[in-house]
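Asker: Got a predicted structure plus its sequence, pasted below:
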Amino acid sequence: MKISADDVTRIAHLARLEMTPEKAAHFAPQLDQVLSYMDKLGQVDTSAVEPLYSPVELPTALRVDETRRDFSRDEILANAPETDGQFFIVPKIV
């Protein structure tokens, strides 16, 4: 598939990018090269290759989910713009 400068200009327009004719002529061969490489990768037989979800085999660092009280209700409500003394007051949403 040959990518022309007009193709690059149309793609840039769809992506809302400013593209001068000089830049389009500069990027057309590069984009064509990338797409040719992707075509080549599409031809490789990967039927015997197991899917790889991450190249790094690090275990996820998990912590125990413990409840705790770091602040009192009064301390938390002190930062609210409006309260009734026990709960936050928020605008009604319908």
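Answerer: Perfect, I can see it now.
Asker: make it CA atoms for all contacts and neighbour counts henceforth
Answerer: Fine.
Asker: tell me the contacts of the residue in the chain sticking out farthest from the centre?
Answerer: Here the chain reaches farthest from its C-alpha mean at Gly85, the gap being 41.3 Å by C-alpha atoms, centre = their mean. Neighbour list for Gly85: Asp74, Leu77 [criterion: C-alpha atoms under 8 Å, 6 or more residues apart in numbering].
Asker: what packs against whichever strand or helix holds Leu41?
Answerer: Using DSSP states H and E, Leu41 maps to helix 21-42. If contacts are counted by 3 or more C-alpha pairs under 8 Å, 6 or more residues apart in numbering; DSSP states H and E, helix 21-42 sits against helix 5-14.
Asker: Report all helices and strands that the helix it packs on contacts.
Answerer: Under the contact criterion of 3+ C-alpha pairs under 8 Å, 6+ apart, helix 5-14 touches helix 21-42.
Asker: Dump the helix it packs on to CSV, restricted to CA.
Answerer: Taking C-alpha atoms only, helix 21-42 is exported to CSV below (Å, rounded to 0.1, in the frame of the first residue of the first chain):
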residue,chain,number,x,y,z
PRO,A,21,2.3,20.2,1.8
GLU,A,22,6.0,20.1,2.7
LYS,A,23,5.3,18.2,6.0
ALA,A,24,2.9,15.9,4.2
ALA,A,25,5.5,15.0,1.6
HIS,A,26,8.0,14.4,4.4
PHE,A,27,5.7,12.2,6.5
ALA,A,28,4.2,10.2,3.6
PRO,A,29,7.2,7.8,3.1
GLN,A,30,7.6,7.4,6.8
LEU,A,31,3.9,6.4,7.3
ASP,A,32,4.2,4.1,4.2
GLN,A,33,7.2,2.4,5.8
VAL,A,34,5.4,1.9,9.1
LEU,A,35,2.3,0.4,7.4
SER,A,36,4.5,-1.8,5.2
TYR,A,37,6.2,-3.1,8.4
MET,A,38,2.8,-3.8,10.0
ASP,A,39,1.8,-5.7,6.9
LYS,A,40,5.0,-7.8,7.3
LEU,A,41,4.2,-8.5,10.9
GLY,A,42,0.7,-9.5,10.0
